[in-house]
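> predicted model and sequence follow; I will ask about them next.
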Amino acid sequence: MRRTERLFAIAEYLRGRRTGVTAEALAERFNVTVRTMYRDLDALREASMPLHAERGRGGGFALDRSYTLPPVNFTAREAALLVAVGRWIDNLRLLPLTTTLNSALDKVRAALPTSGQRDLARLEGSLSYVGVPALRPADGVREAVEQAWLDNRPLWIRYDGARGITERSVRIEQILMERTETLLNCHDLDKDEPRQFRLHKIVDARLDAEVGTG
């Protein structure tokens, strides 16, 4: 089993359990060493999965119960189309979302049967991306903006504006997507006033908890 497949399988296994499971038990189930299992669990955390360790009887590693939705049944063609369109959205950079979107697409792709994989290959082969916005933000900035927007958290940014590089603490209130660029309508927490920022002009960004750490 490839590591990507194993990570997905570990997540699905934990999602289906009512109690936690130890790293030793997981290692035995997936036929890897305990050390490898700990690395896999760290990788799942880095992928923003709400994985935590529970102590006591029935303890071990478990997923937050609010992490997943009830099962949704797609046809193979519906699922293939969702993946193809999702890749199109990511290529066109219509949203400052990378981690969450691609994580969801990978899960749907992995669940596709053979017929769905064929449909997906055909759809992706017949799609072309024209007019991709040229003003691309840094990947790290996109990830921080995504997390701040989804969680409604304050964001620290370093912005290359008309007056040079400045540092701001903001809260994102609205995202505007034009053909060539993405604009963020924010509330400037330092000046207590509304401000608009061009996403590609943000040279660095961190969540509020990281402000002042470096």
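Thanks, I have it. Residues are numbered from 1 along each chain as shown.

> buried sites along stretch 97-104?
97, 99 (16 or more other C-beta atoms under 10 Å). In this view, the C-beta of every residue, glycine as well, is placed from N, C-alpha and C.

> identify all contacting residues around it.
If you take C-beta atoms under 8 Å, 6 or more residues apart in numbering as the criterion, stretch 97-104 is touched by 47-48, 86, 89-90, 95, 139, 142-143, 146-147, 150.

> report the distance from it to the chain centre.
4 Å (C-alpha atoms, centre = their mean, to the nearest Å).

> ok, now stretch 8-19?
19 Å.

> next one: stretch 52-65
23 Å.

> re earlier: what subset of the contacts of stretch 97-104 is buried?
86, 90, 95, 142-143, 146-147.

> which two from those end up farthest apart in space?
Spanning the widest gap among the buried ones among the contacts of stretch 97-104 are 86 and 147, at 18.9 Å by C-beta to C-beta.

> low-confidence stretches in this protein?
1, 56-58, 65-71, 94-95, 129-134, 209-214 (pLDDT under 70).

> what's the closest of the buried ones among the contacts of stretch 97-104 to residue 43?
residue 143 (15.9 Å).

> OK, contacts around that closest one?
Counted by C-beta under 8 Å, 6+ apart, residue 143 has contacts 98-99.

> from residue 97, how far off is it?
9 Å (C-beta to C-beta, to the nearest Å).

> may I see the buried residues of the biggest strand by length in the chain?
The longest strand of the chain (DSSP state E) is strand 164-177. Residues of strand 164-177 classed as buried by neighbour count (16+ other C-beta under 10 Å): 168-170, 172, 175.
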